[in-house]
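Enquirer: just the structure for this:
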Amino acid sequence: MTVELARLLLSSGAVARAQIQSALFVSLRHGVPFPRALLREAGVDQAAVERELAVGDTPLLRTVVPLIDAIARLPVGMCTRLLAIPVRADPITSTIDVATANPLDPHVQAEFAFHLQAPIRLIRAPLSAMNEALNSFEGQLEVSSHHAGHPTTPFVEPQRRDTPAFGSPARSPESRASDVPIPLVRRSLAPHKSAEASDVPPLVVQDPARAQRSTSARPASGSIVDSSPALARLRVARSRDEVIALIVEAMRTVAHRTGVLVLRRNQFVGWMCTPELSHPRTFAELRIPLDQPSALSAAASKGWFLGHIPPVPPHEPLLKALGTPAYEVSLVAVKVADRTVMLILSTDLRDTLTATRLADLLAREAGEALSRILSSEKRSR
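Expert: Residues are numbered from 1 along each chain as shown. Predicted coordinates:
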């Protein structure tokens, strides 16, 4: 929240009280997001703000690509006012990921959950990435909102009226009409579905200009689900090692550096990886205890982890195996009977949203395949 961020900045000594007061005044008076007011109006160093916003275990997204279908269902200007943008809709859980510059503000999650009528997961994004996304897609969002069938009523500032002097004759309510027209039809909160929309919302919507600047080809939305041979082969896999090999094969299409860790005897063991991630022998020697607080234990508990691996003792074996620094690491848990049995590790992601979506799908299919394999082995005994 704004107050919490202001307290953090004051306690760290990175921002003077006068700067906080100036930013708060601009934010409240003009509706400017507090982090943006800190930078533009109060002249606060962006690095100082980013350091305070990085607290907690909120995953980091460095490239923000708005989800236009979701934004079309929001009030006009909401993303700009809250400095938050929907970026991904999970077709399985219906959870919508929202990138925000200020994950400390619970108002962001509450507002998006209300308007989108869906569970919301906040993902932190740098202020520069948020500003770039808002500036690049502002025109596209307006066009999409118009075509989505949500007409907007232009804002008309009400005329200022002075308080009548004492003793003036009172005016009846009928003698003065409202200056602002009131819509007679309440906008529905149900998700809008156009005639051309598919059953599964697209994961990424990207403008042609940015697509041309991309250094690598991005798979079309839905192509991962429909055409990945590895996903189909997982449904008929006959062994655990075959399942792991198929996971690595599929993840390699979105991240050259990928691997799978298996949970054995209360510790994660490196099992299989691509040569770009680590030497196979080095990766096979990897051991990380489950009971030590780490990114791996967090992924096993929550089901996922996305972000930087901090250089703390529990991570030393993993960082040593990775060799080159990994600034964005994705860990997705494979579960059997609600218990984590594997972790899908990937880094140097070509596209964060596409890679994490594929990892989620692989984890689900792998969990079902492992359950089927275990049941088959029990019946054959």
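
Enquirer: tell me which element residue 354 is part of?
Expert: Assigned by DSSP states H and E, residue 354 falls within helix 352-380.

Enquirer: return the set of buried residues in that helix.
Expert: Of the residues in helix 352-380, those with enough neighbours to count as buried (16 or more other C-beta atoms under 10 Å) are 352-367, 369-370, 373. Any C-beta I mention is one placed from the backbone N, CA and C, and that applies to glycine too.

Enquirer: again, but for stretch 270-277
Expert: 270-274, 277.

Enquirer: what's that stretch in contact with?
Expert: With C-beta atoms under 8 Å, 6 or more residues apart in numbering as the test, stretch 270-277 has contacts from 241, 244-245, 248, 252, 256-262, 278, 280, 282-287, 321-322, 342, 345, 347-348.

Enquirer: first vs last residue of that stretch, how far apart are they?
Expert: Between the start and the finish of stretch 270-277 there is a gap of 11 Å, counting by C-alpha to C-alpha, to the nearest Å.

Enquirer: quick one, grab the pLDDT at the closest residue in space to residue 343 that isn't next to it in sequence.
Expert: Using C-beta to C-beta, 6 or more residues apart in numbering and skipping residues adjacent in sequence, the residue nearest residue 343 is residue 261, 4.6 Å away. On pLDDT, residue 261 comes in at 95.

Enquirer: same question for residue 272.
Expert: The predicted local confidence for residue 272 is 93.

Enquirer: one step back: the residue nearest to residue 343 falls within a strand, correct?
Expert: Yes. Membership of residue 261 in a strand is supported by DSSP: H, G, I helix; E, B strand; the rest coil.

Enquirer: which residues touch it?
Expert: Under the criterion of C-beta under 8 Å, 6+ apart, the contact partners of residue 261 comprise 268-271, 286, 288, 296, 342-343, 345.

Enquirer: strands of the chain, start to end?
Expert: Applying DSSP state E to the chain gives strands spanning 84-89, 96-100, 120-124, 257-264, 267-273, 287-289, 304-307, 329-336, 339-347.

Enquirer: what would the ones you listed look like in JSON lines with distance to residue 66?
Expert: Below are these laid out as JSON lines (distance: least, C-beta to C-beta, whole Å):
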{"stretch": "strand 84-89", "distance to residue 66": "5"}
{"stretch": "strand 96-100", "distance to residue 66": "9"}
{"stretch": "strand 120-124", "distance to residue 66": "13"}
{"stretch": "strand 257-264", "distance to residue 66": "27"}
{"stretch": "strand 267-273", "distance to residue 66": "33"}
{"stretch": "strand 287-289", "distance to residue 66": "36"}
{"stretch": "strand 304-307", "distance to residue 66": "18"}
{"stretch": "strand 329-336", "distance to residue 66": "21"}
{"stretch": "strand 339-347", "distance to residue 66": "24"}
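
Enquirer: just so I know, which of those lies nearest residue 317?
Expert: Proximity to residue 317, assessed across the strands of the chain by C-beta to C-beta, is greatest for strand 287-289 (5.8 Å).

Enquirer: so what touches that closest one?
Expert: Residues outside strand 287-289 that contact it (C-beta under 8 Å, 6+ apart) are 261, 266-270, 294, 296, 314-315, 317-318.

Enquirer: any chance of CSV for those, columns distance to residue 302?
Expert: Listed next are the contacts of strand 287-289 as CSV, based on distance: C-beta to C-beta, whole Å:
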residue, distance to residue 302
261, 16
266, 18
267, 19
268, 15
269, 20
270, 21
294, 13
296, 11
314, 16
315, 17
317, 21
318, 18
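
Enquirer: widest-spaced pair of these?
Expert: The largest separation in those, counting by C-beta to C-beta, is between 266 and 315 at 17.5 Å.

Enquirer: of these two, which one has the most company?
Expert: For residue 266 versus residue 315, the count of surrounding residues by other C-beta atoms under 10 Å is larger for residue 315: 18 against 8.

Enquirer: so what's the more buried one up against?
Expert: Residues in contact with residue 315 (C-beta under 8 Å, 6+ apart) are 288, 294-295, 309.

Enquirer: quick check: domain ranges of the chain?
Expert: As assigned by automatic domain parsing, the chain contains the domains 2-147, 226-380.

Enquirer: in terms of mean pLDDT, which of the ones you listed ranks lowest?
Expert: Per-segment mean pLDDT for the domains of the chain reaches its minimum on domain 2-147, at a mean of 74.

Enquirer: ok so, going back, what's the closest of the buried residues of stretch 270-277 to residue 234?
Expert: residue 272 (14.7 Å).

Enquirer: enumerate the beta-bridge partners assigned to that closest one.
Expert: When bridges are called by DSSP bridges, residue 272 pairs up with residue 260.

Enquirer: surely residue 230 meets residue 246?
Expert: Yes. Applying C-beta atoms under 8 Å, one finds residue 230 in contact with residue 246, separated by 4.6 Å.

Enquirer: compare neighbour counts for those two and give me the winner.
Expert: With neighbours defined as other C-beta under 10 Å, residue 230 and residue 246 compare such that residue 246 has more, 22 against 19.

Enquirer: check the gap between that one and residue 234 for me.
Expert: Here the criterion is C-beta to C-beta, to the nearest Å. By it, residue 246 lies 5 Å from residue 234.

Enquirer: between these two, what contacts are shared?
Expert: Common contact partners of residue 246 and residue 234 (C-beta under 8 Å, 6+ apart): residue 366.

Enquirer: buried residues in stretch 108-122, which are they?
Expert: Judged by neighbour count (16+ other C-beta under 10 Å), stretch 108-122 contains these buried residues: 108-109, 111-112, 115-116, 118, 120-122.

Enquirer: filter those residues down to just the ones in helices.
Expert: The subset of the buried residues of stretch 108-122 located in helices under the criterion DSSP state H comprises 108-109, 111-112, 115-116.

Enquirer: put together CSV for these, with distance to residue 96 on each row.
Expert: Shown next, in CSV, are those (distance: C-beta to C-beta, whole Å):
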residue, distance to residue 96
108, 12
109, 10
111, 12
112, 7
115, 10
116, 6
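
Enquirer: distance of residue 375 from residue 255?
Expert: 31 Å.
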